[in-house]
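**Student:** Provided below for reference: sequence and predicted model.
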Amino acid sequence: MTACVNLENLTLGYNSHPAVHHLNGVVRKGSLTAVVGANGSGKSTLLKGIVGVLKPMAGACTIAPGVKLAYLPQQSELDRSFPARVVDLVSLGLWPRRGLLGRHRSEDREAVSQALSAVGMEGFEKRAIDTLSGGQLQRALFARVLVQDAELILLDEPFNAIDARTVTDLIDLIKRWHGEKRTIMVVVHDLDLVRQHFPEALLLARQPVAWGEARETLTPDNLLRARQFHEAWDENAPWCAPEEAHNHDGPVPVNSRDHVDRADCRGAA
Amino acid sequence: MQGRRLMLTLFDYVIAPIAEFAFMQRALAGALMLSVSACPVGVFLMLRRMSLTGDAMAHAILPGAAAGFLLSGLQIVPMTIGGLIAGIVVALGAGAVARLTIQKEDASMAAFYLISLSFGALMVSLRGSSVDLMHVLFGTVLALNNDALTLIGLVAALTLGILSIFWRALVAECLDPLFLRSVSRLGSPVHFIFLGLVVVNLVAGFQALGTLLSVGLMILPAAARFWSQRVGIMCLLAIALGMLSSVCGLLLSYHASPPAGPAIILSAGVAYFVSVVASPRGILLARRLRAAHRTA
């Protein structure tokens, strides 16, 4: 088992309140993991921490050396009024390959148009991005992820605002990536979708509730416990003592309830 | 016959003033180089919704220029260095406050430039007559010396070089900053490099157009946005608009003798209003197109 992402006692958050609290674990190379949990349970925060746009408050998150990463955020900071065409947006995905100065070659343009047809958007190349619908924009962003050709793919609620047929297409795409041994983490709310298509799931409620085989993770018991966490911050929560939380190395057990109990600081909730 | 007369009139009004007088040639060279340099920077300011930031930076430069002026009079090198320092301090300070605190860049920039501007006004009032103040504020495009032309040329070359190297990053930073941060470390540096370009272009411009108006040649030709949907073409169009305004403004100044700097910026203002009204995306045509629609 080779690790693609290594989470060591990772705490991420905002204004000294943790949104992801002492998370330990390993995302295996080639795994396809659904990240599940209620609003505010730390799913997006975890992805941001892995991408590196959010610095950890404690612990560390390391990506295996040389692994290239593609990230589809939940709330893109995309400026839709910017005068760009769909093909310009998707071509941004060539950055890892060509960087700042490399010329875009004919095979690159070919890759862009293939990605667009893979998300069902042929014919949209020259459209201005401010004329796309929400779902079309999301598919264009998916196409950009395709072009990035990354080994580690992080998708934050990619199926929002997308019609049922396109969701099926995008799931097929994700499965194709999985077949190509890429490592994929997807934040999903639709639990049926997870049970049907995702081999593994991580159930978060600020602390990890369970992490392992999807069907075993999403048991009614675990889901109930995940729902019971306190979403609002407690301004007077005691400070988390660092020594309690350490010494959790090694892989996470498939059904990791005891692991979770050990990682719990019992302070914040 | 009529054509010939037209040519002669054209020659008298347009070519002759420039061909005959060295100060006009220098003014034209300076203004054209400024257009090549400042107009594309202005397009990016507009696309990043930072047009007013450009304006604020122009005011922020004043105390530096004034300090140079206090130390050595109306001399180009000290005033330029002073303006450069003041501009960079304000740009970095406002940028740092925006990135490190909850205050957004518009608010921090406003605070920094106001402090800076009041310093500048204080310094200019310490010494010098109002004539000097007018020089600093409104420039002297008809009296550009070799030093000033060299400076403008260097800034233009630097700007074009940096824009072509960082083009892709600049576009990515405007279009999708979070994406750029996820694939590259260039996000923050490219923002500051861009602010640096704004400062050097304003400093280059204030010899000719003054601290208050140098930003005009940057912002107004960005009306090219009305004519094109492609960033590259927009920049070229903005340069063309800037050059046209420079020529018109200088000729207007020669024939009707208003001050040249304001005449150039006013010409750019006319180009702006024409774009607002008559361009494909302007008021008139956009309305006419809205009435008709296709089947799919």
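**Tutor:** That came through fine.

**Student:** Residues of the stretch 51-200 of chain A that sit close to chain B?
**Tutor:** In this structure, the stretch 51-200 of chain A approaches chain B at residues A:51-53, A:69-71, A:73, A:76-79, A:82-85, A:88-89, A:92, A:95-96, A:99-101, A:128, A:144, A:148, judged by CB under 8 Å from any CB of the partner chain. C-beta here means a position set from N, CA and C on the backbone, and glycine is covered the same way.

**Student:** Of those residues, which count as buried by neighbour count?
**Tutor:** Buried members of these, counted by 16 or more other CB atoms under 10 Å in any protein chain shown: A:51, A:69-71, A:73, A:76, A:78-79, A:82-85, A:88-89, A:92, A:95-96, A:144, A:148.

**Student:** Among these, which ones are in helices?
**Tutor:** Secondary structure from DSSP state H places A:51, A:88-89, A:95-96, A:144, A:148 of those in helices.

**Student:** list the contacts for residue 178?
**Tutor:** All of this refers to chain A. A:30, A:32, A:184 (CB atoms under 8 Å, 6 or more residues apart in numbering or on different chains).

**Student:** that answer is for a different chain, and I need it for chain B
**Tutor:** Applying CB under 8 Å, 6+ apart, we find B:L178 in contact with A:53, A:73, A:76-78.

**Student:** Could you do B:A56 as well?
**Tutor:** Per CB under 8 Å, 6+ apart, neighbours of B:A56: B:90, B:109-110, B:112-113.

**Student:** Tell me which two in the residues you listed are the farthest apart.
**Tutor:** The most widely separated members of these are B:V90 and B:A110, with 10.8 Å between them, by CB to CB.

**Student:** These two: who's more crowded?
**Tutor:** For B:V90 and B:A110, the more surrounded residue by other CB atoms under 10 Å in any protein chain shown is B:V90, and the numbers stand at 27 against 14.

**Student:** my read: that one touches B:L62, true?
**Tutor:** No. Using CB atoms under 8 Å, B:V90 makes no contact with B:L62, being 10.3 Å away.

**Student:** Give the residues shared as contacts by these two.
**Tutor:** B:S116.

**Student:** From the chain's centre, how far out is stretch B:176-191? Work that out for me.
**Tutor:** Computed by CA atoms, centre = their mean, to the nearest Å, the chain-centroid distance of stretch B:176-191 equals 25 Å.

**Student:** That stretch: end-to-end distance?
**Tutor:** Start to finish, the residues bounding stretch B:176-191 are 13 Å apart (CA to CA, to the nearest Å).

**Student:** Can you tell me the element residue 173 falls in?
**Tutor:** As the question left the chain open, I've gone with chain A. helix A:164-179 (DSSP states H and E).

**Student:** Can you look at chain B instead?
**Tutor:** For B:E173, the host element (DSSP H and E) is helix B:146-175.

**Student:** ok, now B:R181?
**Tutor:** helix B:177-183.

**Student:** Do the next helix or strand after that helix and chain A come into contact?
**Tutor:** Following helix B:177-183 in sequence order, the next helix or strand is helix B:187-213 (DSSP H and E). No. Using CB under 8 Å from any CB, helix B:187-213 stays clear of chain A, coming no nearer than 9.3 Å.

**Student:** got the CA positions of the helix or strand that helix B:187-213 is followed by in CSV?
**Tutor:** Later in the chain than helix B:187-213, the nearest helix or strand by DSSP H and E is helix B:216-219. Only the C-alpha atoms of helix B:216-219 are listed here, as CSV (Å, rounded to 0.1, in the frame of the first residue of the first chain):
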residue,chain,number,x,y,z
GLY,B,216,-5.7,58.9,-17.3
LEU,B,217,-3.7,57.4,-20.1
MET,B,218,-3.9,54.1,-18.3
ILE,B,219,-7.6,53.9,-17.5
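
**Student:** Which strands or helices does helix B:216-219 pack on?
**Tutor:** Contacts defined by 3 or more CB pairs under 8 Å, 6 or more residues apart in numbering or on different chains; DSSP states H and E place helix B:216-219 against helix B:22-47, helix B:51-60, helix B:187-213, helix B:231-256, helix B:260-278.

**Student:** Report the angle between the fourth one and helix B:146-175.
**Tutor:** In this structure, helix B:231-256 runs at an angle of 150 degrees to helix B:146-175, with axes from the mean of the first three to the mean of the last three CA atoms, to 10 degrees as the basis.

**Student:** Quick one: distance of helix B:231-256 to the chain centre.
**Tutor:** Offset of helix B:231-256 from its chain centre (CA atoms, centre = their mean): 12 Å.

**Student:** Of all the residues in that helix, which ones are buried?
**Tutor:** For helix B:231-256, the neighbour count (16+ other CB under 10 Å) marks B:231, B:234-235, B:237-254 as buried.

**Student:** ok, now stretch B:88-108?
**Tutor:** For stretch B:88-108, the neighbour count (16+ other CB under 10 Å) marks B:88-91, B:93-95, B:97-98, B:105, B:108 as buried.

**Student:** Ok, stretch A:190-198 next?
**Tutor:** Of all the residues in stretch A:190-198, those buried under the rule 16+ other CB under 10 Å are A:194, A:197-198.

**Student:** Same check on stretch B:32-47?
**Tutor:** Quick answer for stretch B:32-47 (16+ other CB under 10 Å): B:32-47.

**Student:** can you narrow those residues to ones near chain A?
**Tutor:** Contacts with chain A within the buried residues of stretch B:32-47, counted by CB under 8 Å from any CB: B:L47.

**Student:** and the helix or strand where A:A201 lies, which strands flank it?
**Tutor:** Here A:A201, judged by DSSP H and E, is contained in strand A:200-205. Strands that pair with strand A:200-205, judged by DSSP bridges, come out as strand A:32-37 (parallel), strand A:207-213 (antiparallel).

**Student:** Reformat the ones you listed as CSV; add mean neighbour count.
**Tutor:** Converted to CSV, the strands paired with strand A:200-205 look like this (neighbours: other CB atoms under 10 Å in any protein chain shown):
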stretch, mean neighbour count
strand A:32-37, 25
strand A:207-213, 23
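
**Student:** Could you point out which of those strands sits nearest A:H22?
**Tutor:** When these are compared by CB to CB, strand A:207-213 sits nearest A:H22, at 7.0 Å.

**Student:** so who does the residue nearest to B:I88 when sequence neighbours are not counted touch?
**Tutor:** Sequence neighbours aside, B:V199 is the residue nearest to B:I88 in space, at 5.8 Å (criterion: CB to CB, 6 or more residues apart in numbering or on different chains). By CB under 8 Å, 6+ apart, the contact set of B:V199 is B:57, B:61, B:84, B:87-88, B:91.

**Student:** List just the nearest of these to A:A205.
**Tutor:** Minimum distance to A:A205 across those is 43.8 Å, recorded for B:A91 (CB to CB).

**Student:** Number of residues surrounding the closest residue to B:Y272 other than its chain neighbours?
**Tutor:** Once flanking residues are discounted, B:Y272 sits nearest to B:A223: 4.4 Å by CB to CB, 6+ apart. Number of residues near B:A223 (other CB under 10 Å) recorded here: 25.

**Student:** one step back: restrict the buried residues of helix B:231-256 to those near chain A?
**Tutor:** Okay, of these touching chain A (CB under 8 Å from any CB), that's B:231, B:234.

**Student:** in the helix or strand hosting A:V20, what's buried?
**Tutor:** Taking DSSP H and E as the definition, one finds A:V20 inside strand A:17-28. Neighbour-count burial for strand A:17-28, with 16+ other CB under 10 Å as criterion, is recorded at A:18-28.

**Student:** Stretch B:18-28 now?
**Tutor:** By neighbour count on 16+ other CB under 10 Å, the buried set for stretch B:18-28 is B:18, B:24, B:26-28.

**Student:** re the thing from before, just the residues contacting the strand holding A:A201, thanks.
**Tutor:** Strand A:200-205 is contacted from outside by A:20, A:25, A:31-38, A:41-43, A:46, A:185, A:194, A:208-214, A:217-218, A:222-223, A:225-229, using CB under 8 Å, 6+ apart.
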